[in-house]
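>>> Sequence and predicted model, in that order:
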Amino acid sequence: GRKPLRQRVVDELKHYYNGFHLLWIDTKVAARMVWRLLHGQVLTRRERRRLLRTCADLFRLVPFLVFVIVPFMEFLLPVFLKLFPEMLPSTFETESKKEEKQRKKLNAKLELAKFLRETIAEMAKRNKADTG
């Protein structure tokens with residue numbers, strides 16, 4: 001199993017390069033959307049969400065760049081990502097992290113649906129007892 005150190009470093013560098021490249025593309029698209037907004041056009045719901053995500057990513061990029069710029073601070077990045085999982089811009093997330101996040105959201109929605117179903121059933125029993 002384990003990959004050699006050189007291969008892991010190369011993989012990480014590729015990951016960061018791709019992340020910055022995707023962020024650059026998202027930023028260009030968001031700039032066009034802002035231009036359209038300034039000229040009176042209305043954005044669709046999907047475009048508005050993309051614009052908000054890109055703006056949030058740009059704000060998350062500032063603390064992330066500190067780790068990239070300061071020498072040897074990138075070794076602390078995994079620790080900070082464990083403490084602050086939303087610190088990383090969305091373009092830098094791996095597929096496994098995205099799937100894990102979706103799984104957590106789905107579990108939370110299922111728990112909420114279960115709670116609401118139980119609450120409605122309990123209210124129905126009370127109403128039935130009150131009227132009966």
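Perfect, I can see it now.
>>> Can you name the residues that contact the residue nearest to the spatial centre of the chain?
Central residue of the chain (Cα atoms, centre = their mean): Ser90, 4.8 Å from the mean position. Shown in contact with Ser90 (Cβ atoms under 8 Å, 6 or more residues apart in numbering): 53, 56-57. Backbone N, C-alpha and C define where each C-beta goes, glycine included.
>>> wait, doesn't Pro63 sit right on Met87?
Yes. Counting by Cβ atoms under 8 Å, Pro63 touches Met87, with 6.2 Å between them.
>>> Settle it for me: which of the two has more neighbours?
Per other Cβ atoms under 10 Å, whichever of Pro63 and Met87 has more neighbours is Met87, with 15 against 12.
>>> Which of the three states applies to that one?
Here Met87 is recorded as coil under DSSP: H, G, I helix; E, B strand; the rest coil.
>>> Just to check, it is in contact with Leu65?
No. Assessed by Cβ under 8 Å, Met87 is found out of contact with Leu65, at 11.4 Å.
>>> if we can go back for a sec, between the contacts of Ser90, which has the most around it?
Neighbour counts for those peak at Asp57, which has 21 neighbours (criterion: other Cβ under 10 Å).
>>> Need the contact partners of the worst-scoring helix or strand of the chain on mean pLDDT.
Least confident helix or strand of the chain, by mean pLDDT, DSSP states H and E, is helix 77-83 with a mean of 81. If you take Cβ under 8 Å, 6+ apart as the criterion, helix 77-83 is touched by 67, 87-88.
>>> Okay, Ala121 and Leu112: tell me how far apart.
15 Å (Cβ to Cβ, to the nearest Å).
>>> what does Lys128 give?
Counting by Cβ to Cβ - Lys128 and Leu112 are separated by 25 Å.
>>> Please apply the same query to Glu122.
Distance, Glu122 to Leu112, using Cβ to Cβ: 16 Å.
>>> and what of Trp24?
Distance of Trp24 to Leu112, given as Cβ to Cβ: 37 Å.
>>> cool, and Ile25?
35 Å.
>>> could you show me where the strands are in the chain, in order?
Here the chain has no strands by DSSP state E.
>>> for it, longest helix please?
Criterion DSSP state H: the longest helix present in the chain is helix 95-131.
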